[in-house]
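Trainee: no FASTA, just this:
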Ligand SMILES: O=P(O)(O)OC[C@H]1O[C@](O)(CO)[C@@H](O)[C@@H]1O
Ligand SMILES: [Mn+2]
């Protein structure tokens with residue numbers, strides 16, 4: 001067994017134990033900054049809380065801030081993680097997961113911010129933010145990240161308009177498109193959705209990070225930054241499920257999109273989903289979002305509905321047309337939004353079949369799953385210290401509910417499925433290639449089709 005490997009050749013989890021690693025810097029610098037911003041946001045909303053709830057609002061604000069400051073201090077001083085106390089439906093499962101982590105660590109040490117797996121502690125921080133808010137009615141539904149998400153949507157308006165106009169143009173000529181043209185548009189919109197993932201707010205610790213340029217025009221220049229491009233497999237998968245259905249109107253029955261960020265990225269996902277349905281490549285789209293505010297910019301049910309309403313209300317013909325179209329897909333059941341507590345838990349996805357069998361069973365009904373973003377990639381691969389040439393399939397460790405594809409810009413140091421030498425070359429050319437968000441993958445796992 002190679003050095004650092006645990007049982008069955010599975011490498012160790014990334015962790016802040018390694019001083020100077022990206023995990024270490026995230027926990028030392030970026031997470032406290034995110035907490036400070038959350039505290040500022042609550043404080044800035046003090047008057048609003050007073051207007052809405054009077055003195056009760058003010059004392060809830062103070063109490064929430066004090067819990068978050070305490071949390072920030074726990075992170076900064078590498079305190080042991082604490083059990084959750086808020087009695088929500090997922091509390092028990094979080095506390096059990098902590099026991100699991102503790103038993104892996106043994107009796108000598110306690111699970112703590114810098115010693116436990118990075119994936120676990122980073123997820124846990126967002127759950128603790130949720131606890132701090134939830135324990136403080138009447139402000140217990142406040143989304144501390146909402147302002148950033150709405151701002152990122154408004155700042156990318158030009159790009160959204162350009163994208164909706166592009167979609168409208170495709171749809172005007174949809175009937176006449178050849179198979180080749182169709183696959184070309186598909187690839188473009190898949191790549192737009194891929195690069196949409198550059199626009200998250202967690203990596204920049206909440207700094208503005210929106211899309212300004214026209215997303216279609218940038219695609220050519222970004223091409224060489226796609227390190228793995230399995231889009232052909234994705235296309236074949238969509239088309240093979242069309243063949244298997246054998247119906248005259250050829251469609252994959254269902255594509256699931258596991259969403260990542262609100263703002264521009266969500267619009268790129270909705271545009272791709274619209275194209276899949278209006279081109280006849282898919283019949284239904286299931287979107288999966290988060291149950292509570294997560295990793296600064298991730299989509300909640302509220303963000304999802306808000307984005308569609310804003311798109312409908314836009315003072316731009318193609319944008320508002322798209323918004324109305326999306327609303328009608330939802331009311332006709334062609335599109336549906338789902339959330340499941342598992343998406344806001346710290347588990348590697350290889351645990352899903354055992355720990356969230358209901359979700360796993362639902363995903364098995366999909367013809368194709370698209371996993372958006374970096375955190376989903378970390379969970380797909382377990383956020384472990386894999387070699388770059390390890391197969392994606394190996395890193396998934398049996399997680400294969402349906403053919404799946406990760407659309408991810410690289411923001412954490414895990415990347416598998418590269419060619420021999422590719423990782424080394426990148427490290428020489430651009431030492432921060434795994435974390436600077438400049439590179440991306442379209443990485444597929446499923447039956448190989450021709
Ligand atoms: O929105 P995304 O693409 O999942 O990116 C969030 C990522 O940013 C980070 O905060 C960068 O460390 C990761 O924790 C996380 O994987
Ligand atoms: Mn995210």
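Mentor: Right, received. Where do you want to start? Remember, predicted model here, so these are calculated numbers, not experimental data. Ligands and ions are numbered 1, 2, ... in the order given.
Trainee: residue 431: neighbour count?
Mentor: Residue 431 has 10 neighbours, counted by other Cβ atoms under 10 Å. Yep, even glycine has a C-beta here, placed from its N, CA and C like the rest.
Trainee: assign it to helix, strand or coil.
Mentor: Assigned state for residue 431: coil (three-state reduction, DSSP: H, G, I helix; E, B strand; the rest coil).
Trainee: gap between it and residue 373?
Mentor: Relative to residue 373, residue 431 is positioned 23 Å away (criterion: Cβ to Cβ, to the nearest Å).
Trainee: excluding chain neighbours, what is closest to residue 130?
Mentor: Spatial nearest neighbour of residue 130, excluding adjacent residues (Cβ to Cβ, 6 or more residues apart in numbering): residue 292 at 4.8 Å.
Trainee: tell me the contacts of the one you found?
Mentor: Contacts were defined as Cβ atoms under 8 Å, 6 or more residues apart in numbering; by that measure residue 292 touches 126, 130, 300, 344.
Trainee: at 10 Å what do you get?
Mentor: 88, 90, 126-127, 129-131, 133-134, 141, 143, 298, 300-301, 339, 341, 344 (Cβ atoms under 10 Å, 6 or more residues apart in numbering).
Trainee: residue 340 now?
Mentor: By Cβ under 10 Å, 6+ apart, the contact set of residue 340 is 288, 289, 290, 291, 352, 356, 358, 359, 362, 363.
Trainee: give me phi/psi at it?
Mentor: phi -140, psi 140 (degrees, to the nearest 10).
Trainee: pLDDT score for it?
Mentor: Per-residue confidence (pLDDT) for residue 340: 97.
Trainee: isn't residue 149 up against residue 41?
Mentor: No: using Cβ atoms under 10 Å, residue 149 makes no contact with residue 41, being 11.7 Å away.
Trainee: of these two, who's got more company?
Mentor: A direct count of neighbours by other Cβ under 10 Å for residue 149 and residue 41 places residue 149 higher, at 24 against 17.
Trainee: in the helix or strand that contains that one, which residues are buried?
Mentor: Element membership for residue 149 (DSSP states H and E) is helix 146-155. Applying a neighbour-count criterion of 16 or more other Cβ atoms under 10 Å, one finds 146, 148, 149, 150, 152, 153, 155 buried in helix 146-155.
Trainee: do the same with stretch 41-54
Mentor: Buried residues in stretch 41-54, counting neighbours by 16+ other Cβ under 10 Å, are found at 41, 42, 45, 49, 53.
Trainee: pLDDT of that stretch, averaged?
Mentor: Summarised as a single mean, pLDDT over stretch 41-54 is 98.
Trainee: show me what the following helix or strand past the helix holding residue 149 is packed up against.
Mentor: Under the assignment DSSP H and E, the closest C-terminal helix or strand after helix 146-155 is helix 157-172. When contacts are defined as 3 or more Cβ pairs under 10 Å, 6 or more residues apart in numbering; DSSP states H and E, helix 157-172 packs onto helix 179-196, helix 215-222, helix 264-278, helix 301-313, helix 317-331.
Trainee: which of the ones you listed sits most buried?
Mentor: helix 264-278 (a mean of 26; mean count of other Cβ atoms under 10 Å).
Trainee: next one: the helix or strand just after it to chain centre, how far?
Mentor: Downstream of helix 264-278, the next assigned helix or strand under DSSP H and E is strand 282-289. Here strand 282-289 is found 15 Å from its chain centre; the criterion is Cα atoms, centre = their mean, to the nearest Å.
Trainee: in strand 282-289, what's buried?
Mentor: For strand 282-289, burial by neighbour count (16+ other Cβ under 10 Å) applies to 282, 283, 284, 285, 286, 287, 288, 289.
Trainee: just the pLDDT at the second one, thanks.
Mentor: pLDDT for residue 283: 96.
Trainee: likewise for the fifth one?
Mentor: Looking at residue 286, its pLDDT reads 98.
Trainee: could you give the bridge partners of residue 255?
Mentor: With DSSP bridges applied, residue 255 shows beta-bridge pairing to residue 285, residue 368.
Trainee: mind listing what it touches?
Mentor: Contact partners of residue 255, counting by Cβ under 10 Å, 6+ apart, are 234, 237-238, 241, 272-273, 276-277, 281-287, 366-370, 402.
Trainee: please apply the same query to residue 323.
Mentor: Neighbouring residues of residue 323 by Cβ under 10 Å, 6+ apart: 164, 267, 270, 307, 308, 309, 310, 311, 312, 313, 314, 316.
Trainee: try it again at 8 Å.
Mentor: Residue 323 sits next to 308, 309, 310, 311, 312, 313, 314 when contact means Cβ under 8 Å, 6+ apart.
Trainee: for residue 359, see how far away the residue lying closest to the third one once chain neighbours are set aside is.
Mentor: The shortest distance from residue 310 to any residue that is not its chain neighbour, by Cβ to Cβ, 6+ apart, is 6.5 Å, and that residue is residue 153. In this view, residue 153 and residue 359 are 28 Å apart by Cβ to Cβ.
Trainee: near ligand 2, which residues of this protein show up?
Mentor: 200, 260, 261, 295, 298 (Cβ under 5 Å from the ion).
Trainee: next step: the residues you listed restricted to helices.
Mentor: Counting by DSSP state H, no part of the residues of the chain next to ligand 2 is found in helices.
Trainee: can you tell me which of these is nearest residue 191?
Mentor: Of all the residues of the chain next to ligand 2, residue 191 sits closest to residue 260, with 15.5 Å by Cβ to Cβ.
Trainee: tally up the residues packed near the nearest residue to that closest one once chain neighbours are set aside, please.
Mentor: Computed as Cβ to Cβ, 6+ apart, the closest residue to residue 260 that is not its neighbour in sequence is residue 373, at 3.1 Å. Close neighbours of residue 373, defined as other Cβ under 10 Å, add up to 25.
Trainee: who's in contact with residue 373?
Mentor: So residue 373 contacts 197, 200, 260, 261, 265, 407, 408, 409 (Cβ under 8 Å, 6+ apart).
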